[in-house]
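Novice: Mind looking at a prediction? Sequence and model below.
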Amino acid sequence: MITGYAIAVSACAAGIAVWAFVLVVLHREPEKPLLVGVGVLEALLAVQVVISVVMLIGGGEPGSMLTFLAYLFGSLLVLPLGTVWALAERTRSSTAILGVLCLTVPVLLLRMVEVWGGASA
Amino acid sequence: MPDEPASPQYSNPQYSNPQHSSRGGSSRGGSSHRRPSTERPATASGPGRVLIVVYAIFAVAATSRAAVQIATRFGEAPVPYALSAFAAVVYLLATFALARTGTTWWRVALTACSVEMTGVLVIGALSVFDRAAFPDATVWSNFGMGYLFIPLVLPVVGLLWLRRTRPA
C-alpha cells in the first residue's frame, strides 16, 4: 500500500460524500455527475488494489494477510453493491445512501493502512 | 337516479389500503405532500433504505471481525469473541428483516433491534465497569466507542423507524 495514495483516495471519497449530502439537503435524487463521481472513486479503489497486489507480490507483509486481503477485495464490492441498492428506488434517500457508501471508503482504507503497517486485526 | 357508485376507496377505505390506520398521517405532520398521508412506508422504503445500508455495513463488518477473531485466537478471550459473533447475528437478522415487508418481518426486526439496544447498553456498561472481562473489543464495548458510537445510535434510529412503520 502507498499511504499517500490511500489518503488521496480517502479525500476524494469524503468530498463525494459531502457532495451527496448537500444534494440530500437540496432534496435531489442522485444525478448523473454524482454517479460518475462514485464510478471514478471505484476506479481509484481498483488502482489501489493493483498497487497493493503488486507490493504484496514484491514481498510486502501485512500484519494479517487474510484480514488485509478481505479488506482489499471488500473495498471493491461496497460501491457497486450499494449503488445497485440505492438506485432500486430513486428518491433523495438514494442520494443519502451514496453518501454513506462513500464514507465507508476512508474507514476501509484506514484499516488497510493499519493492517499493512503490522496490525494483526 | 343513475346507478353511479362512489369510487371504491370511499366505500371501503380499509380494503383499498390495508396499511391505513388512525395514526397514519400524524407522524408526518402534514409537511410532505408528495406521499399520501394515509400511506405507511414499508421498512424498506424511503429513509429506511439508508438505515438498511448502515445495518448491512455493520452486519458485514461484525461478521468478518467475529470470524477472524474466532478462527485465529478464540482461546485468548472466548467470551468477547462469542459476543462478537452474537452481535454479528443480530445485525444480520436486523438487516434482513428490515429489508423485507410484512408484519412477521416487522416483528423480527423489532426483536432484533430490541436485542441490539439491550446488548449495546449491557455490554457497554459491563466493559466500562469490568475491563478485565473484556480484554479485546467487541462492537458493543464502551457503547460502541471504537465505531464512533454508531452501534449505540443505530438501534435507537431502528426502533424509531419501526414505530413509524408499525403495521396497522
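Specialist: In hand now; what should we look at?

Novice: tell me which element the most centrally placed residue in chain A falls in.
Specialist: Among the residues of chain A, the one closest to the centroid is A:V105, at 3.1 Å (CA atoms, centre = their mean). Following DSSP states H and E, one finds A:V105 within helix A:92-116.

Novice: Return the list of helices and strands in contact with that helix.
Specialist: Secondary structure elements in contact with helix A:92-116, counted by 3 or more CB pairs under 8 Å, 6 or more residues apart in numbering or on different chains; DSSP states H and E, are helix A:3-25, helix A:32-57, helix A:65-87, helix B:47-73. No exception for glycine: its C-beta is placed from N, CA and C like everyone else's.

Novice: how distant is that helix from the center of its chain?
Specialist: Relative to its chain's centre, helix A:92-116 lies at 5 Å (CA atoms, centre = their mean, to the nearest Å).

Novice: For it, list every residue counted as buried.
Specialist: A:92-109, A:111-116 (16 or more other CB atoms under 10 Å in any protein chain shown).

Novice: do the same with stretch A:18-26
Specialist: A:19-21, A:23-24.

Novice: what's the answer for stretch A:69-79, then?
Specialist: The neighbour-count check on stretch A:69-79 (16+ other CB under 10 Å) flags A:70-72, A:74-75, A:78-79 as buried.

Novice: As a markdown table, those residues with pLDDT and distance to A:V53 would be great.
Specialist: Below are these laid out as a markdown table (pLDDT from 0 to 100; distance: CB to CB, whole Å):
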| residue | pLDDT | distance to A:V53 |
| --- | --- | --- |
| A:A70 | 91 | 14 |
| A:Y71 | 93 | 13 |
| A:L72 | 94 | 8 |
| A:G74 | 93 | 14 |
| A:S75 | 95 | 12 |
| A:V78 | 96 | 18 |
| A:L79 | 97 | 19 |
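
Novice: out of the residues you listed, who's near chain B?
Specialist: For chain B, the contacts drawn from these by CB under 8 Å from any CB of the partner chain are A:70, A:74, A:78.

Novice: doesn't B:S64 make contact with the first one?
Specialist: This points to A:A70. Yes - A:A70 lies in contact with B:S64 (CB atoms under 8 Å); the separation is 6.0 Å.

Novice: for the one helix or strand B:Y91 maps to, packing partners?
Specialist: Using DSSP H and E, B:Y91 sits within helix B:78-98. Helix B:78-98 is packed against helix B:47-73, helix B:103-129, helix B:150-164, with contacts defined by 3+ CB pairs under 8 Å, 6+ apart.

Novice: The first one packs against which elements?
Specialist: Using 3+ CB pairs under 8 Å, 6+ apart, the elements in contact with helix B:47-73 are helix A:65-87, helix A:92-116, helix B:78-98, helix B:150-164.

Novice: A:P62 sits in which helix or strand?
Specialist: A:P62 is located outside every helix and strand, with elements delineated by DSSP H and E.

Novice: my guess is it contacts A:W116, does it?
Specialist: Yes - if you go by CB under 8 Å, A:P62 and A:W116 touch, sitting 4.9 Å apart.

Novice: Now list whatever residues contact both of these two.
Specialist: A:F68 (CB atoms under 8 Å, 6 or more residues apart in numbering or on different chains).

Novice: re the thing from before, among the buried residues of stretch A:18-26, find me the one that's closest to B:L126.
Specialist: For the buried residues of stretch A:18-26, the residue nearest B:L126 by CB to CB is A:F21; the value is 35.3 Å.

Novice: What residues does that closest one make contact with?
Specialist: Contacts of A:F21 by CB under 8 Å, 6+ apart are A:96, A:99.

Novice: again, 7 Å this time
Specialist: Going by CB atoms under 7 Å, 6 or more residues apart in numbering or on different chains, A:F21 touches A:G99.

Novice: distance of it from A:E114?
Specialist: 26 Å (CB to CB, to the nearest Å).

Novice: hey, which of the helices and strands packed on helix A:92-116 is tucked in deepest?
Specialist: helix B:47-73 (a mean of 20; mean count of other CB atoms under 10 Å in any protein chain shown).

Novice: what about chain B, any weak spots by pLDDT?
Specialist: B:1-41, B:135-137 (pLDDT under 70).

Novice: Name the residues of it found near chain A, please.
Specialist: With CB under 7 Å from any CB of the partner chain as the criterion, chain B comes near chain A at residues B:45-47, B:49-50, B:53-54, B:57, B:64, B:68.

Novice: Chain B contacts on chain A?
Specialist: A:66-67, A:70, A:82, A:85, A:89, A:91, A:93, A:96-97, A:100, A:104, A:121.
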